[in-house]
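Asks: Based on what follows, work out the 3D shape:
(2 chains)
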Amino acid sequence: DGGITQSPKYLFRKEGQNVTLSCEQNLNHDAMYWYRQDPGQGLRLIYYSQIVNDFQKGDIAEGYSVSREKKESFPLTVTSAQKNPTAFYLCASSNQGARNGYTFGSGTRLTVV
Amino acid sequence: SQQGEEDPQALSIQEGENATMNCSYKTSINNLQWYRQNSGRGLVHLILIRSNEREKHSGRLRVTLDTSKKSSSLLITASRAADTASYFCATELTGANNLFFGTGTRLTVIP
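Replies: Numbering: from 1, shown residues only, chains lettered A, B, ... in the order given. Prediction:
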């Protein structure tokens, strides 16, 4: 059964800590994306990667970092430099860019305590 | 912002009625897509319409695209309580490699 898995579902972070959100896909998709969603808002692009070992900043990359060492995996690190990290984070993947639509994971809700 | 804008922000209808949501965007696009999101979950791809298409159907969904007005509409016919969700339009801009999402329409279908 192909899909995209995000973990954990809920994550709590103390101020000043870095945390890493996991995103794994077994769809053999080339491209992967990270979006942030705030309550009642649309999705804003953080980072995206079209191929392994390459990624580009999205609209709100400051305070975040990513890696793409394997085709299946695209972890997102929320660093202490991100001033307002509490949000719902969504990972997505696609084949041939956006031409055929994205497949989304079920999301990680990050809360700073 | 390059995001689309959905209208209305919220819509409440009775089961069996039709629901229409609109999306406007600002620049030239390759395609426009509609997604659905249940509360606290990921988005699910519903339908894609290319810039050279004017109308597309999928089950109870009908999407129209007017590139001259830079707008699209999503019609859900014979709505069901299970259609209650947020609906987002997303545009693939010409020359871009990713999607830009709108702010969404929250649809509530009352049984």
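
Asks: Please work out how many residues are found near A:I51.
Replies: For A:I51, the count of nearby residues is 11 (other Cβ atoms under 10 Å in any protein chain shown). Where you see a C-beta, it was placed from the backbone N, CA and C, and this is true even at glycine.

Asks: If you could redo that for B:I47, that was the one I meant.
Replies: The burial count for B:I47: 18, using other Cβ under 10 Å.

Asks: what sits against it?
Replies: Counting by Cβ atoms under 8 Å, 6 or more residues apart in numbering or on different chains, B:I47 makes contact with B:Q33, B:W34, B:K56, B:S58, B:L61, B:V63, B:L74.

Asks: got a pLDDT number for it?
Replies: pLDDT recorded at B:I47 is 96.

Asks: Only alpha carbons, please: show the helix or strand containing it as PDB.
Replies: Assigned by DSSP states H and E, B:I47 belongs to strand B:43-50. Taking C-alpha atoms only, strand B:43-50 is exported to PDB below (Å, rounded to 0.1, in the frame of the first residue of the first chain):
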ATOM      1  CA  LEU B  43      -5.200  17.300   2.100                       C
ATOM      2  CA  VAL B  44      -6.800  15.000  -0.400                       C
ATOM      3  CA  HIS B  45      -6.500  15.800  -4.200                       C
ATOM      4  CA  LEU B  46     -10.000  16.100  -5.800                       C
ATOM      5  CA  ILE B  47      -9.600  17.300  -9.300                       C
ATOM      6  CA  LEU B  48      -7.200  19.100 -11.700                       C
ATOM      7  CA  ILE B  49      -8.100  21.300 -14.600                       C
ATOM      8  CA  ARG B  50      -5.500  22.500 -17.100                       C
END
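
Asks: Okay, buried residues for it please.
Replies: Applying a neighbour-count criterion of 16 or more other Cβ atoms under 10 Å in any protein chain shown, one finds B:L43, B:H45, B:L46, B:I47, B:L48, B:I49 buried in strand B:43-50.
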